[in-house]
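Undergrad: Structure, please.
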Amino acid sequence: MRTGTPPVPAPARHGGAGGPALLLIAHGSRDPRHAATVDALVHRVRALRPGLTVATAYLDHCAPRIPQVAGRFGAAVAVPLLLNRAFHAKSDIPAALRAAGADLPLADVLGPSPLLLDALDRRLAETGLDTACAAVRARTGVVLAAAGSSDPAADAATRAVAETWRRGRGWAGVEVAYASAAGPRVPEAVAALREAGAGTVAVAPYLLAPGLLPDRIAAAADGADLLAGVLGAAPEVAELLLRRYDDARLAAAAPAALSA
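TA: Just a heads-up that it's a prediction; the model follows:
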């Protein structure tokens, strides 16, 4: 089984400078690869938007935590490094910001977005799969391997991403699998794609950084032909973070402009 690794190529430089700081809020992990990936992503965001102050705070496991960072800036926008609007986005991050006394605009989570589908394609292409060829896509089944959530709306959002990816790219099939919470698991999804007639089966982790859950997905992917890397510091993820930042910044500025 070939696997893809997430290299960090030199980013293109564009965009303006200044504005409120971007406070990237990541979950954190005991695995040092997690923080290293977040650092690489921050480096890419800074390169895309020279002059923009970008800082990182973590919910758990890593430092600095939100109270250590949130008060450093006169103005900032908090951007969660999360794919789905589940418990961390709905409860943990707002509660942590309130506890820190940080009345900051809070951007939306990253997913869903066409940019994430582009990042998934990128990671699959790094395994050697010819994702640009329609005939290759038509005989390839993909397992979209996500973390999983106890929030039904979050899992429904992941299934919607899978269906959009299948229809938009013309894959033979896209099956969702989860590394935690309820099934199906990766081997079940691989088997379903084989049974449906997929000639090649690839596993694409719908996760942002290495750690326990990506390792669990990789260990369960023996039955697949290809295993892609996590989304990581893909250029599309950096661009999406800036879009979420811009949307939240403009939304926060609109009421002030109307009352001026």
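Undergrad: got the contact list for A70?
TA: L23, A57, A76, A78, L97, A100, G101, A102, L104 (Cβ atoms under 8 Å, 6 or more residues apart in numbering). Where C-beta positions appear, they are placed from N, C-alpha and C, glycine not excepted.
Undergrad: which intervals of the stretch 51-200 of the chain have sub-threshold pLDDT?
TA: The model of the stretch 51-200 of the chain has no residue with pLDDT under 70.
Undergrad: Strands along that one, start to end?
TA: Secondary structure of the stretch 51-200 of the chain (DSSP state E, counting those that start in this stretch): strands at 54-58, 76-80, 140-146, 173-178, 200-205.
Undergrad: Of these, flag the one that's most buried.
TA: Highest mean neighbour count among the strands of the stretch 51-200 of the chain (mean count of other Cβ atoms under 10 Å): strand 140-146, with a mean of 28.
Undergrad: tell me the SS of A238?
TA: helix (DSSP: H, G, I helix; E, B strand; the rest coil).
Undergrad: out of the strands of the stretch 51-200 of the chain, nearest to L242?
TA: Closest to L242 of the strands of the stretch 51-200 of the chain, according to Cβ to Cβ: strand 76-80, at 8.7 Å.
Undergrad: Show the secondary-structure elements that that closest one is packed against.
TA: Other elements packing on strand 76-80 under the criterion 3 or more Cβ pairs under 8 Å, 6 or more residues apart in numbering; DSSP states H and E are strand 21-26, helix 93-99, helix 235-259.
Undergrad: Residues touching the helix or strand just after that strand, excluding its own?
TA: Sequence-wise, the next helix or strand downstream of strand 76-80 (DSSP states H and E) is helix 87. Helix 87 is contacted from outside by S149, S150, D151, using Cβ under 8 Å, 6+ apart.
Undergrad: So for the second one, what's the nearest residue that isn't a sequence neighbour?
TA: Think S150. By the measure of Cβ to Cβ, 6 or more residues apart in numbering, the closest residue to S150 outside its immediate chain neighbours is A181, 5.8 Å from it.
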